[in-house]
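S.K.: I'd like to go over a predicted model; first the sequence, then the structure.
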Amino acid sequence: MAHLCSLLVKINPVLLQKPWATLYCWGGRSRFIRDAFIDGRLAFARLQNEQHDYARRKHKADMRTALRTLVVHGLHDRLSLPDDEDLIWDGDLRWRHSDGLMPSCEEFDWLVDYLVDEAGKKADDKTEADALLTLSAMCGLGSSTKRRSYIKALIRCMGCTRLPRVRHAALRAVSDARGDLASITNESISHDVDTELLDGLSRALFTAVCPSRNRTNQHERDAPFHQHRDNCYFRLIFALSNNHEWRQRLTLDGHFERCISLVDEALECESWTLGCYLVGIFACIDLSDKVLRFSYTQEKYQALIKKSWRRAREFMWQHSEYVGALPALVTATRQNYSDSDHIVLSNELKEIARNVDQCLAQLKQRRAILVNGQADSCFDAALSSVQGLHDDVRYMIDHSHISQGYYQESFGTLHQSP
């Protein structure tokens, strides 16, 4: 069935639903992804060692087939066609070796070589996008020897002339590497990843979501607002916003202005995580910066925060990405209510407390049923941030006799004495 999907054969959607008993009997999604990955790596090795054109074409076709077969396993609940847009935003192509260990970033070097040596010479959009989605499983920028080449390939793939699937697959790969990017500072910068390269990456990220307006027959995926694309984009921008050097790039290259311009769409959007990341970004923006041409209104900012907290408990039992958005919401809540120009009203404080209480209770229930260390650092960070906000809000309510001015100060500190 996976092979038929890779060939883009029209298949009844019912047949794409994964029979879980059979799937786990054969080793689960991880085994299917791993086997296709290894097949692709072997085909690429043969391609590199072959000189005859006919044999090279065969090995290249084998590698393409392996990658096409790999990506159809990207969704948890079903097989999909390899060009399914859901794979870009919701796909998870991470896999493990038979001993349970995750692959090292060096094991992905061959895919970076493919992007640079093969795809870079002659555009092969389908395979290039498949390779980018596969590389997103690294959740990083790759090995030290390939990092610079990888970032250059990502920049090229996000060019305004590339098809949306290639640009967006590259955006997803960068977003999944946000931890590595956000950790790079002027002090830690290395010879392989310099300031000029990161500046180019920032500009390419903007192009990935806002290609040239002069293009004719613009694809619907390039609409000014696209829920799935912009959720991925906001998640990345929030992570980078906590880095001073990246904040400067994001300001100069128009990323913050774009985020501000989409606040109305975020208020109307059904996506909970998108709103959380957006208010987290707002908390990092310096509105006094003269580079910014306009700003959001405080009322809309507060409305988005309140909407996010009211809906938070609905999502705590769902995908781990929802939990991962909570620190952004906590950051925004603290920043907004510590603003000296904003008076925290009693009923407003109680509403925040009620919603934070419910969210914390859901997190603790989920934590209690997780076994064998299934809760990862992302979950622990979310639980810690919500617990801290809960404690501070409760402290403020319990000491409501304290002057109103203390309310703002308390949101920025922990259990300060009056």
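M.R.: Structure's in. What do you need? Residues are numbered from 1 along each chain as shown.

S.K.: residue ranges for the strands of the protein, please.
M.R.: Shown for the chain, no strands are assigned by DSSP state E.

S.K.: point out where it drops to low pLDDT.
M.R.: 1-27, 120-123, 212-219, 287-296, 316-321, 338-345, 370-375, 400-418 (pLDDT under 70).

S.K.: which helix in it runs the most residues?
M.R.: The single longest helix within the chain, with elements called by DSSP state H, is helix 346-369.

S.K.: neighbours of the nearest residue to Gly140 once chain neighbours are set aside, how many?
M.R.: Spatially, and ignoring its direct neighbours in sequence, Gly140 is nearest to Asp180 (4.7 Å; CB to CB, 6 or more residues apart in numbering). C-betas here are computed from N, CA, C, even on glycine. Residues contacting Asp180 under the criterion other CB atoms under 10 Å number 17.

S.K.: just give me how far the longest helix of the chain sits from the chain centre.
M.R.: Remark: helix 346-369 is offset 25 Å from the chain centroid, using CA atoms, centre = their mean, to the nearest Å.

S.K.: list of residues touching it?
M.R.: For helix 346-369, the external contacting residues (CB atoms under 8 Å, 6 or more residues apart in numbering) are 306, 309-310, 312-313, 316-317, 323, 326, 333, 337, 375, 379, 382-383, 386-387, 389-390, 393-394, 396-397, 400, 407.

S.K.: helices of the stretch 101-250 of the chain, residue ranges please.
M.R.: 109-113, 125-135, 147-157, 164-176, 178-182, 195-209, 227-241, 244-252 (DSSP state H, counting those that start in this stretch).

S.K.: nearest to Gln51, of those?
M.R.: With CB to CB as the measure, helix 109-113 is the member of these nearest Gln51 (17.3 Å).

S.K.: okay, that closest one in PDB with CA atoms only?
M.R.: Once non-C-alpha atoms are left out, helix 109-113 reads as follows in PDB (Å, rounded to 0.1, in the frame of the first residue of the first chain):
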ATOM      1  CA  ASP A 109      24.800  13.800   5.900                       C
ATOM      2  CA  TRP A 110      24.000  12.000   2.600                       C
ATOM      3  CA  LEU A 111      20.700  13.800   2.300                       C
ATOM      4  CA  VAL A 112      22.500  17.200   2.700                       C
ATOM      5  CA  ASP A 113      24.900  16.000   0.000                       C
END
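
S.K.: quick check: closest non-adjacent residue to Asp199.
M.R.: Per CB to CB, 6+ apart, closest to Asp199 is Arg249, 6.3 Å.

S.K.: Leu93 and Ile33 touch, don't they?
M.R.: Yes. Between Leu93 and Ile33 there is a contact under CB atoms under 8 Å: 5.8 Å.

S.K.: Ala169: what's it in contact with?
M.R.: Per CB under 8 Å, 6+ apart, neighbours of Ala169: Ile88, Glu128, Ala129, Asp130, Leu132, Leu133, Ser136, Cys157.

S.K.: which non-adjacent residue is nearest it?
M.R.: Leu132 (3.9 Å).

S.K.: check contacts around the one you found.
M.R.: Taking CB under 8 Å, 6+ apart, we find Leu132 in contact with Leu115, Leu154, Cys157, Val166, Ala169, Ala170, Arg172, Ala173.

S.K.: same check, this time on Leu236
M.R.: Leu236 is in contact with Leu171, Val174, Ser175, Arg178, Leu205, counting by CB under 8 Å, 6+ apart.

S.K.: include neighbour count when you put those into TSV, please.
M.R.: Listed next are the contacts of Leu236 as TSV, based on neighbours: other CB atoms under 10 Å:
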residue	neighbour count
Leu171	27
Val174	27
Ser175	23
Arg178	18
Leu205	26
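
S.K.: now, which of the residues you listed sits nearest Ala45?
M.R.: Comparing those against Ala45 with CB to CB places Val174 closest, at 27.0 Å.

S.K.: the closest one is in contact with Leu181, isn't it?
M.R.: Yes. At 7.3 Å, Val174 and Leu181 qualify as touching, with contact defined as CB under 8 Å.

S.K.: okay, and the common contacts of the two?
M.R.: In contact with both Val174 and Leu181: Leu201, using CB under 8 Å, 6+ apart.

S.K.: measure the nearest residue to Glu265 once chain neighbours are set aside to Asp125 for me?
M.R.: Leaving aside its chain neighbours, Glu265 sits nearest to Phe225 (4.3 Å; criterion: CB to CB, 6+ apart). Phe225 sits 24 Å away from Asp125, going by CB to CB, to the nearest Å.

S.K.: so how many other residues sit close to Ile38?
M.R.: Neighbour tally, Ile38, other CB under 10 Å: 13.

S.K.: could you do Ala283 as well?
M.R.: The number of residues packed near Ala283 is 22, by other CB under 10 Å.

S.K.: which residues are in contact with it?
M.R.: Neighbour list for Ala283: Ala328, Thr331, Ala332, Arg334, Gln335, Asn336 [criterion: CB under 8 Å, 6+ apart].
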